[in-house]
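Asker: structural data only, the sequence is not supplied:
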């Protein structure tokens, strides 16, 4: 199952990828992480997909990560007497709490929290930003607006409020039930929608109780403004360009994407670039050239993972979409320009012993003829720090904890192996050499770099490094203890 690339691929499951054969084919084609979208499908459907993934993991003999994406609060308008209305530019339009069916002059917006936060001059976006309303006057139960960009408005279309921080929790009642369900099920990552502040992340973490890592979706301007605090509170980040591109001018999204990726890399936390990466492959067996360029750009920027949404969940060509992503990634990472960009964007972090160890591991691996960096890790921290360095040689993450191995499947370049518990560094070196050989990263004639923390089984103690031969006889001869 050794990949020929370092960037990871996240594939969303859905009606087009709902059986063992298809999901297994997606895994073979290159999917490292499977996303369960809690906006679609009931708990029994989610349970069935989870069970299939774990069976495939067992059959293939390598860890697979599962990411459950919580829906978040959905802000939608009410219904219209005629099903839809045409809003003309410059016309007046009212949003209110009246549940009566709407017409060309008004409609219900059943979210009093929005009215509590609105101010004159605020913008409301309807139907993915196709309709733009400007608030002239507002109160606790109404907002009188002017239509700045008209169009067709119909039943229960989504509403975005980009200008204000809404007094809404990131977790709805449905999300809380879904969170508990998937945590009991045993997912590895929780993707949190509608994040506006670090407190939203802390609330989810308290509910998860360590059963899953928390990944914050950056899809609102307020999240971009508070990104440093959100990143610190999170285990990972998703650059959710769909809603971000609705609530911000589209030209703002590419530089935000670049800044967020670099910040995540500096913090040694995985980041996913998501939304519309190969959108045309929902209906076409081949992507557009622009889509291929978009995927390549995210890889050049050093993202940990790239994601497919409807392409693999509901499209006609889910396996082809994953194969395309895999092929683009291999081609990009074999380009000399890729390595130049990665090297130029590296920020040397030497604030701790662990930082120094992983920097030294990369420099030794790239100076000598080293085949792999093998890191023993309990919590995953050592592997994440090594991945931050974006070394030219493979990273082999060895851990006795299956959960840690699965979570690391999202991190750039990490090849995860579940090993037995070790209590001495000598045993760790021997185990690393055996894993490097058995996984095809090295032969008996090769050398590896081994990093670990002593004493063992204590998170965050990375403090030792050794260059070791892979030949069993030399391992014992060099260290006979």
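Answerer: Yep, it's here. Quantities reported herein were computed from a predicted structural model and do not represent experimental measurements. Residues are numbered from 1 along each chain as shown.
Asker: the stretch 301-450 of the chain: helices as residue ranges?
Answerer: Remark: helices assigned in the stretch 301-450 of the chain by DSSP state H, counting those that start in this stretch are 310-313, 318-333, 336-344, 353-367, 381-388, 402-407, 425-438.
Asker: Serialize those to CSV and add fields for distance to residue 466.
Answerer: In short, each C-beta sits where N, CA and C put it, glycine included. CSV is the format used below for the helices of the stretch 301-450 of the chain (distance: least, C-beta to C-beta, whole Å):
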stretch, distance to residue 466
helix 310-313, 41
helix 318-333, 28
helix 336-344, 25
helix 353-367, 10
helix 381-388, 14
helix 402-407, 22
helix 425-438, 6
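Asker: any chance of a markdown table for these, columns mean neighbour count and distance to residue 281?
Answerer: Below are those laid out as a markdown table (neighbours: other C-beta atoms under 10 Å; distance: least, C-beta to C-beta, whole Å):
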| stretch | mean neighbour count | distance to residue 281 |
| --- | --- | --- |
| helix 310-313 | 26 | 5 |
| helix 318-333 | 22 | 4 |
| helix 336-344 | 13 | 23 |
| helix 353-367 | 18 | 36 |
| helix 381-388 | 26 | 28 |
| helix 402-407 | 23 | 27 |
| helix 425-438 | 20 | 36 |
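Asker: in JSON lines: the ones you listed, plus mean pLDDT and distance to residue 89.
Answerer: Converted to JSON lines, the helices of the stretch 301-450 of the chain look like this (pLDDT from 0 to 100; distance: least, C-beta to C-beta, whole Å):
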{"stretch": "helix 310-313", "mean pLDDT": "97", "distance to residue 89": "31"}
{"stretch": "helix 318-333", "mean pLDDT": "98", "distance to residue 89": "38"}
{"stretch": "helix 336-344", "mean pLDDT": "95", "distance to residue 89": "44"}
{"stretch": "helix 353-367", "mean pLDDT": "93", "distance to residue 89": "56"}
{"stretch": "helix 381-388", "mean pLDDT": "94", "distance to residue 89": "49"}
{"stretch": "helix 402-407", "mean pLDDT": "97", "distance to residue 89": "49"}
{"stretch": "helix 425-438", "mean pLDDT": "90", "distance to residue 89": "64"}
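Asker: out of the ones you listed, which is closest to residue 19?
Answerer: helix 318-333 (11.3 Å; C-beta to C-beta).
Asker: show me what that closest one is packed against.
Answerer: strand 8-13, helix 20-29, helix 289-300, strand 305-308, helix 310-313 (3 or more C-beta pairs under 8 Å, 6 or more residues apart in numbering; DSSP states H and E).
Asker: quick one, it and strand 8-13 angle?
Answerer: Using axes from the mean of the first three to the mean of the last three C-alpha atoms, to 10 degrees, the direction of helix 318-333 lies 170 degrees away from that of strand 8-13.
Asker: and helix 318-333 with helix 20-29, angle?
Answerer: 10 degrees.
Asker: in this structure, which helix or strand is least confident?
Answerer: For the chain, the helix or strand with the lowest mean confidence is helix 472-478, at a mean of 66 (criterion: mean pLDDT, DSSP states H and E).
Asker: so where's this structure shaky on pLDDT?
Answerer: Applying pLDDT under 70 to the chain flags residues 1, 349, 457, 460, 475-481.
Asker: could you pick out the longest helix of it?
Answerer: helix 43-60 (DSSP state H).
Asker: after that helix, which helix or strand is next? Please name it.
Answerer: Moving toward the C-terminus from helix 43-60, the next helix or strand (DSSP states H and E) is strand 65-69.
Asker: touching that following strand from outside, list them.
Answerer: Contact with strand 65-69 is made by 10, 12, 32-39, 46, 50, 53, 178-179, 182, 186-191, 193, 212, 215, 217, 406-410, as judged by C-beta atoms under 8 Å, 6 or more residues apart in numbering.
Asker: give the buried subset of those as a PyMOL selection command.
Answerer: The PyMOL command for the buried members of the contacts of strand 65-69 (criterion: 16 or more other C-beta atoms under 10 Å) is given here:
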select buried, resi 10+12+32+33+34+35+36+37+38+46+50+53+178+179+182+187+188+189+190+191+193+212+215+217+406+407+408+409+410
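Asker: can you say which helix or strand has residue 201 in it?
Answerer: Applying DSSP H and E, one finds residue 201 within helix 198-208.
Asker: so which elements touch that helix?
Answerer: Using 3+ C-beta pairs under 8 Å, 6+ apart, helix 198-208 is in contact with helix 173-185, strand 189-192, strand 213-218, helix 227-233.
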